[in-house]
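> Could you look at this predicted model? Sequence included:
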Amino acid sequence: MTNSPTVIVLIGLPARGKTYISKKLTRYLNWIGVPTKVFNLGVYRREAVQSYKSFDFFRHDNEEAMKIRKQCAIVALQDVKSYLNEEGGQIAVFDATNTTRERRNLILSFAKENAYKVFFVESLCNDPEVIAANILDVKVSSPDYPERGRESVMEDFLKRIECYKVTYQPLDPDDHDKDLSFIQVINVGQRFLVNHVQDYIQSKIVYYLMNIHVQKHSIYLCRHGESQHNVQGCIGGDSELSSRGKEKKTKSHYCKTSELTEKHLCCLCIVIFLCVFVLYQGICEEMTYEKIKETHPDEYFLRDQDKYHYRYPGGESYQDLVQRLEPVIMELERQGNVLVICHQAVMRCLLAYFLDKSADDLPYLKCPLHVVLKLTPVAYGMCCVSFTCTSNRNISLHQKHKSKITTTMNPVRVILKIVLALPSCIMAVNGAPVFEAQKSASIHHQTTPHGSGVLIKAF
């Protein structure tokens, strides 16, 4: 995907979302199959200086501290080299302020010596509310400020920012830096400036960064209603709803909660995504795992060895499915609240992206029927909780992993009125509308092509 390793270099004053961008970008690149790792200079600095005292450490006239900071950068770059040259990495994300041309020239020289490409990502923000919110959301819990009050943290960190402003040299697209490859993200995505993109992977990075946002939102994931194949243990195919699935189709199910009590959620838009088709099993379509083992023992063995990369003859692999779902990820990243109703394999791929799970773990993520997962971005990660609808049994078509894989899903009670009317063959959204209506429009028996998925957004 990239001819030579790439170093992505973050630029920006503190509290501009650089680490947020670094972690999200790394998660995305790993998900699409590009080995990527973050090298956060703050981690190296805290290892070199065990106890942080105050903003004075970041003053440009603090010569001793400046030497320590430069040495930390050199050590981090050596680790970047080891990762790209010896550990099979393709992209290293150098997460630091990198606010001076001197520091950026050091990185450029390092990259030139090792035949690496460099792509800069500069985050510019002059909105005081955004900056203050970032400090309170992230920096208060930083290892730099153990057992310090919010006001004390805010005061010290604002002074730290002022220290950086004294020597800050933003990228100059019109003169000094016109030949560099970079994107400037202005005011958390209000504007973008893209310069001299060199290759495919850099264009992918630009496209991704132009789709993410930082507004508060949640993504709800759930599977279709139970089908006959779910009951029989068959994979893929086109079957009718089971009796339990039909019951779910005609009745709305409630789960009590204290979190969303009396909050009326309104469905404003339903989008059908054809690229969210169920994983196609080729010659093994509509078989049980026992039948596959009996009739295609070689295929059964190969799949058991590498479930992520294994492709059914005439069918797909999880790796294929991830590539197919990339447009859906882009759509989810730029939306507000959204409910995705899909199939088990699709849900696993989406969960692996949001929860930063490896390709080895992805095929074994548990996605039970009649359970809604709520994913909410927090600081530098994702909080996942599950809402279980009324049910006496649980069917899951997946084989056990050789090692135990768990996801962070702490059960909470929630008030969601959900119509689970989606068999694996014909997905129908019944009722008016899906959530407690504040709109008068009705949606009756809207069907989608076999195996597709539904996004219900903006509620």
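Alright, I've got the coordinates.
> Below-threshold pLDDT in the stretch 1-150 of the chain: ranges please.
For the stretch 1-150 of the chain, the stretches with pLDDT under 70 are 1-2.
> what ranges do the strands span in it?
If DSSP state E, counting those that start in this stretch is used as the criterion, the strands of the stretch 1-150 of the chain fall at 6-11, 36-40, 91-95, 117-124.
> now the ones you listed as TSV including mean neighbour count and distance to Tyr52?
In short, each C-beta sits where N, CA and C put it, glycine included. Formatted as TSV, those follow (neighbours: other C-beta atoms under 10 Å; distance: least, C-beta to C-beta, whole Å):
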stretch	mean neighbour count	distance to Tyr52
strand 6-11	24	21
strand 36-40	19	15
strand 91-95	26	18
strand 117-124	21	23
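> Which stretch among those approaches Leu302 most closely?
strand 36-40 (28.0 Å; C-beta to C-beta).
> roughly how far out does that closest one sit from the chain middle?
Its chain's C-alpha centre and that of strand 36-40 lie 15 Å apart, by C-alpha atoms, centre = their mean, to the nearest Å.
> Spell out for me which residue occupies the centre of the chain.
Residue closest to the mean C-alpha point of the chain, counted by C-alpha atoms, centre = their mean, is Phe354 at 3.6 Å.
> still on that earlier bit, can you redo the strands of the stretch 1-150 of the chain as CSV with distance to Pro377?
What follows is these, written out as CSV (distance: least, C-beta to C-beta, whole Å):
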stretch, distance to Pro377
strand 6-11, 19
strand 36-40, 17
strand 91-95, 18
strand 117-124, 17
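> wait, which of those is closest to Thr167?
If you check each of the strands of the stretch 1-150 of the chain against Thr167 by C-beta to C-beta, strand 6-11 wins as the nearest, at 12.8 Å.
> what ranges do the strands span in the stretch 301-450 of the chain?
Shown for the stretch 301-450 of the chain, the strands assigned by DSSP E, counting those that start in this stretch span residues 338-342, 371-378, 381-388.
> Which strands and helices lie in contact with the second one?
Okay, so that is strand 371-378. The contact analysis (3 or more C-beta pairs under 8 Å, 6 or more residues apart in numbering; DSSP states H and E) places strand 371-378 against strand 219-223, strand 381-388.
> Worst mean pLDDT among those strands?
Least confident of the helices and strands packed on strand 371-378, judged by mean pLDDT, is strand 381-388 with a mean of 79.
> how much does that strand deviate in direction from strand 371-378?
Angular relation of strand 381-388 and strand 371-378 on a 0 to 180 degree scale: 160 degrees, by axes from the mean of the first three to the mean of the last three C-alpha atoms, to 10 degrees.
> Would you mark the buried spots in strand 381-388?
For strand 381-388, the neighbour count (16 or more other C-beta atoms under 10 Å) marks 382, 384-388 as buried.
> Pull the distance from it to the chain's centre.
Distance, stretch centre to chain centre, for strand 381-388: 14 Å (C-alpha atoms, centre = their mean).
> Stretch 44-52 too?
29 Å.
> Check stretch 347-366 too.
Between the centre of stretch 347-366 and the centre of its host chain there is 10 Å, according to C-alpha atoms, centre = their mean.
> try stretch 337-345
15 Å.
> For that stretch, measure first residue to last.
22 Å (C-alpha to C-alpha, to the nearest Å).
> Could you give the average pLDDT over it?
Mean pLDDT, stretch 337-345: 87.
> ok, now stretch 292-312?
91.
> when you give positions from now on, start the count at 30
Noted, 30 is the first residue going forward, which turns the last one into stretch 321-341.
> okay, it in CSV with CA atoms only?
Only the C-alpha atoms of stretch 321-341 are listed here, as CSV (Å, rounded to 0.1, in the frame of the first residue of the first chain):
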residue,chain,number,x,y,z
ILE,A,321,-18.5,-28.0,6.5
LYS,A,322,-16.2,-30.2,8.6
GLU,A,323,-17.7,-33.3,7.1
THR,A,324,-17.9,-32.2,3.5
HIS,A,325,-14.9,-29.8,3.2
PRO,A,326,-12.4,-30.9,5.9
ASP,A,327,-9.5,-29.1,4.3
GLU,A,328,-11.4,-25.8,4.2
TYR,A,329,-12.6,-26.3,7.7
PHE,A,330,-8.9,-26.7,8.8
LEU,A,331,-7.6,-23.7,6.9
ARG,A,332,-10.3,-21.5,8.3
ASP,A,333,-9.6,-22.7,11.8
GLN,A,334,-5.9,-21.7,11.3
ASP,A,335,-6.5,-18.1,10.3
LYS,A,336,-10.1,-17.0,10.5
TYR,A,337,-9.5,-13.4,9.6
HIS,A,338,-7.6,-14.0,6.3
TYR,A,339,-9.3,-17.2,5.3
ARG,A,340,-11.6,-16.8,2.2
TYR,A,341,-14.3,-19.3,1.5
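> Contacts for it next, please.
309-313, 316, 318, 342, 346-349, 388-389, 391-393, 428 (C-beta atoms under 8 Å, 6 or more residues apart in numbering).
> Return the members of the residues you listed classed as buried.
309-310, 313, 316, 318, 346-348, 388, 391-393.
> quick one on the thing from earlier: sort out for me which of the contacts of stretch 321-341 are in helices.
Residues of the contacts of stretch 321-341 located in helices (DSSP state H): 318, 347-349.
> Which one of these is nearest to Glu115?
Of all the ones in helices among the contacts of stretch 321-341, Gln348 has the smallest distance to Glu115: 24.8 Å, by C-beta to C-beta.
> That closest one contacts Leu308, correct?
No: at 10.8 Å, Gln348 does not count as touching Leu308 under the criterion of C-beta atoms under 8 Å.
> domain ranges for this structure?
Domain segmentation of the chain under automatic domain parsing yields 35-238, 248-486.
> burial measure for Glu191, as a count.
13 (other C-beta atoms under 10 Å).
> what sits against Lys168?
44, 174, 182, 186.
> any chance of the residues you listed in JSON lines, plus neighbour count and distance to Ile370?
Formatted as JSON lines, these follow (neighbours: other C-beta atoms under 10 Å; distance: C-beta to C-beta, whole Å):
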{"residue": "Ala44", "neighbour count": "23", "distance to Ile370": "38"}
{"residue": "Tyr174", "neighbour count": "17", "distance to Ile370": "42"}
{"residue": "Val182", "neighbour count": "18", "distance to Ile370": "42"}
{"residue": "Phe186", "neighbour count": "24", "distance to Ile370": "42"}
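> Would you point out the most distant pair within the residues you listed?
So, these by C-beta to C-beta: farthest apart are Ala44 and Tyr174, at 13.1 Å.
> Show me which helix runs longest in this structure.
helix 92-115.
> so how far is that one from its chain's centroid?
Offset of helix 92-115 from its chain centre (C-alpha atoms, centre = their mean): 28 Å.
> and what of stretch 62-72?
Per C-alpha atoms, centre = their mean, the centroid offset for stretch 62-72 relative to its chain is 15 Å.
> Now compare the buried ones among the contacts of stretch 321-341 and name the two farthest from each other.
It's Met316 and Ala388 that sit farthest apart of the buried ones among the contacts of stretch 321-341, by C-beta to C-beta, at 24.4 Å.
> Compile the strands of the stretch 330-479 of the chain into TSV and extend it with columns for distance to Asn216.
What follows is the strands of the stretch 330-479 of the chain, written out as TSV (distance: least, C-beta to C-beta, whole Å):
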stretch	distance to Asn216
strand 367-371	24
strand 400-407	19
strand 410-417	24
